[in-house]
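[1] 3D, please:
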Amino acid sequence: MMLPARMRSKAGWSDACILNVSKRGLLIYSAGSADPGSFVEIRRGGQLVVARVVWRKNQRIGLHSPDPVRVEDIISTEAAASAVQSSIPEISFERRRIPRDSERSRHRARAMEFIAMVLLGLVFVGTAVACVEDAFAEPLAAVRTALG
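    Sure, this is the predicted structure:
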């Protein structure tokens, strides 16, 4: 397997590639500085493994961890992808002349809701008036003719 990761040693952060994982160690490929006997941190997604460098041959490095390595979490691409996404700062810019404002949008939505309710109320009142007028039209016409 080849899983991208980051390695932190005394020299700082560098890119690494995990080639093999076991319950107590890792085999990685990295150009970063890591001398045998020193400790390094390996980050893959949200997982952190602190391990001692056991051996190094060119850019291959054998690591031994005093704590058990959670192999499933290291291999899991979903956890790694979500952690990578959360670690990348989101760059956004507003192309509008007036940037969006959540408070302004909320006020607009409330105003539109109020106007819709007023219009619905007016339609209801108009319908009620028309029904009452139709209901009393015949009796009032009879009273009007009777009175002359």
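[2] quick one: residues contacting the nearest residue in space to R60 that is not next to it in sequence.
    Nearest non-adjacent residue to R60, counting by C-beta to C-beta, 6 or more residues apart in numbering: Y29, 5.8 Å away. Quick note: C-beta positions are derived from backbone N, CA and C, even for glycine. When contacts are counted by C-beta atoms under 8 Å, 6 or more residues apart in numbering, Y29 touches A16, C17, L19, Q59, R60, I61.
[3] hang on, the last one in a strand?
    Yes. Remark: I61 belongs to a strand, assigned using DSSP: H, G, I helix; E, B strand; the rest coil.
[4] what about the longest helix seen in the chain, distance to the chain center?
    With secondary structure taken from DSSP state H, the chain has its longest helix at helix 102-147. A distance of 46 Å separates the centroid of the chain from that of helix 102-147, by C-alpha atoms, centre = their mean, to the nearest Å.
[5] which helices and strands sit right next to it?
    The helices and strands touching helix 102-147, judged by 3 or more C-beta pairs under 8 Å, 6 or more residues apart in numbering; DSSP states H and E, number zero.
[6] run through who's touching the helix or strand in which E72 is found.
    Under the criterion of DSSP states H and E, E72 resides in helix 71-75. The contact list for helix 71-75, computed with C-beta under 8 Å, 6+ apart, reads M1, L3, I18, V21, S22, K23, R44, G45, G46, Q47, V49, A79.
[7] please apply the same query to stretch 14-28.
    With C-beta under 8 Å, 6+ apart as the test, stretch 14-28 has contacts from 1-8, 29-33, 42, 44, 49, 51, 54, 60-65, 68-69, 71, 74-75.
[8] now the buried members of these.
    3, 5-8, 29-30, 32, 42, 44, 49, 51, 61-63, 65, 69, 74 (16 or more other C-beta atoms under 10 Å).
[9] mind checking which of those land in strands?
    Mapping the buried ones among the contacts of stretch 14-28 onto strands (DSSP state E) picks out 3, 5-8, 29, 42, 44, 49, 51, 61-63.
[10] re earlier: how distant is the helix holding E72 from the center of its chain?
    Distance, centroid of helix 71-75 to centroid of chain: 22 Å (C-alpha atoms, centre = their mean).
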